[in-house]
Each structure stands twice: as C-alpha cells, then as structure tokens.
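K.L.:
got a structure for you, letters missing:
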C-alpha cells in the first residue's frame with residue numbers, strides 16, 4: 001500500500017495531518033460543521049492520483065480512523081472504501097469541473113460517507129438523534145476549494161505524480 005514511491009511520504013503526511021485536524025476538540029457550534037478532514041484529503045488524492053491512492057488505501061486509512069475514534073472496526077473503513085471507489089470511478093469527470101461543481105460532487109461523496117457510518121451505527125444500536133450528523137458534509141463542501149487548491153499547489157511544488 002504505502003510502498004516508497006516518489007512523494008508517498010507526502011501523501012502519508014497529509015493524511016496524518018488530516019487525522020490530527022479531524023479530532024481537534026472544538027466548541028459545539030464549530031464542531032457540528034467541522035468536516036471529516038480524512039475523507040476530504042482522501043477524496044483529493046483519489047482524484048489526483050487514482051493509480052496510487054485507491055480503495056485499498058482508503059480501507060487501511062479507515063481502519064486507522066476506526067481505531068482512533070473507538071468505532072466498530074471496519075465502520076469507517078467500509079465508508080471510506082466506498083467513497084474512494086466512487087471517486088476513482090468518476091475522477092475524470094469531477095476533475096474537469098469548476099471548483100464549485102467539484103464541491104457539489106464532494107458534498108455527495110461526504111453525504112454517502114456520513115450515511116454509511118450512520119447506518120452502521122444504527123445497525124449496532126446507536127441511531128442518530130437528529131439530522132445534524134449530515135452537517136459535517138456541508139462544512140466539507142465549503143472547505144473543498146481551499147483543500148483542493150492547497151493540496152494541488154503542494155503536489156506541484158513537490159512534483160508528486
């Protein structure tokens with residue numbers, strides 16, 4: 001999975017930073033809309049380098065996310081693998097769109113991620129109390145243009161291909 005290809009360390013570093021930012025303790029009014037940064041960064045790398053970051057990578061990252069947040073093992077792994085599969089399958093169509101249309105596509109992917117995680121929680125006996133569990137997807141949509149531009153510029157600067 002993480003074999004030493006050129007720039008693989010940078011992809012790993014961005015995912016580690018995304019883990020750290022995702023689990024920052026925040027006030028409730030920000031926390032509701034705080035996106036799942038791991039999903040956002042994974043979506044970017046699946047669109048930018050689908051031959052290197054794909055479903056297998058998403059599965060491993062999801063297992064680490066399950067361990068980090070104490071979730072049922074495989075819960076985030078399944079959701080991220082489905083999102084990575086959909087991203088890799090449609091990356092050529094999404095990449096040619098302007099950023100605001102990409103943000104709408106990312107919103108759809110993040111909603112799928114949130115619904116899968118929520119569905120698995122419901123199956124094991126923890127149903128959502130209200131619709132606020134979809135709010136991080138909206139936050140991710142709003143952050144997408146900045147994430148895309150920042151990671152694209154860094155990818156070009158470090159010549160990661």
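P.N.:
Good, I have the coordinates. Since the model is a prediction, treat every value here as computed from it, not as a measurement.
K.L.:
List the buried residues in the host helix or strand of residue 153.
P.N.:
Per DSSP states H and E, residue 153 falls inside helix 135-157. Buried residues in helix 135-157, defined by neighbour count with 16 or more other Cβ atoms under 10 Å: 135, 136, 137, 139, 140, 141, 143, 144, 147, 148, 151, 155. In this view, the C-beta of every residue, glycine as well, is placed from N, C-alpha and C.
K.L.:
Check the chain and tell me which residue is nearest its centre.
P.N.:
Nearest to the mean C-alpha position of the chain, by Cα atoms, centre = their mean, lies residue 39 at 0.8 Å.
K.L.:
residue contacts, that one?
P.N.:
80, 83, 109, 110, 113, 140 (Cβ atoms under 8 Å, 6 or more residues apart in numbering).
K.L.:
ok, the third one to residue 118 distance?
P.N.:
So that's residue 109. Shown here: residue 109 relative to residue 118, a distance of 15 Å by Cβ to Cβ, to the nearest Å.
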